[in-house]
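**Q** This is the structure alone, sequence omitted:
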């Protein structure tokens with residue numbers, strides 16, 4: 001696996017310890033993060049959109065086409081006044097029948 005910056009390595013080590021993750025879980029988590037980072041840095045087809053979750057929170061997202069599905073690489077929570085409230089985890093996969101488009 002490729003290396004992460006020192007502060008990211010420290011964060012993941014702390015997270016694994018706090019949550020009591022087994023080595024297989026740590027490897028799977030790191031592999032998922034590496035995939036999302038690679039997709040985000042790549043030149044694959046992208047789409048952008050917005051959705052509301054079950055609590056009525058609005059989310060803006062950017063997704064990359066990967067292996068016949070959209071993978072969200074960035075998302076941003078939007079407050080009622082239109083300002084950013086924070087980011088959410090990325091890496092959600094969204095199956096779709098739509099074909100990818102370059103963005």
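**A** Arrived safely. Remember, it's a predicted structure, so these values are computed and weren't measured experimentally. Numbers count the residues shown, from 1 in each chain.
**Q** got any ranges where the protein has weak pLDDT?
**A** For the chain, residues meeting the criterion pLDDT under 70 lie at 1-2, 86-103.
**Q** In it, what residue spans correspond to strands?
**A** In order along the chain, the chain carries the following strands (DSSP state E): 46-52, 58-66, 69-78, 84-87, 93-94.
**Q** Which among these is found nearest to residue 7?
**A** When the strands of the chain are ranked by proximity to residue 7, the top entry is strand 84-87, at 16.9 Å, counting by C-beta to C-beta. All C-beta atoms are positioned from the backbone trio N, CA, C, and that covers glycine.
**Q** before we move on, back to that, how about the strands of the chain in JSON lines, adding mean neighbour count and distance to residue 12?
**A** What follows is the strands of the chain, written out as JSON lines (neighbours: other C-beta atoms under 10 Å; distance: least, C-beta to C-beta, whole Å):
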{"stretch": "strand 46-52", "mean neighbour count": "13", "distance to residue 12": "27"}
{"stretch": "strand 58-66", "mean neighbour count": "19", "distance to residue 12": "23"}
{"stretch": "strand 69-78", "mean neighbour count": "18", "distance to residue 12": "19"}
{"stretch": "strand 84-87", "mean neighbour count": "11", "distance to residue 12": "17"}
{"stretch": "strand 93-94", "mean neighbour count": "12", "distance to residue 12": "21"}
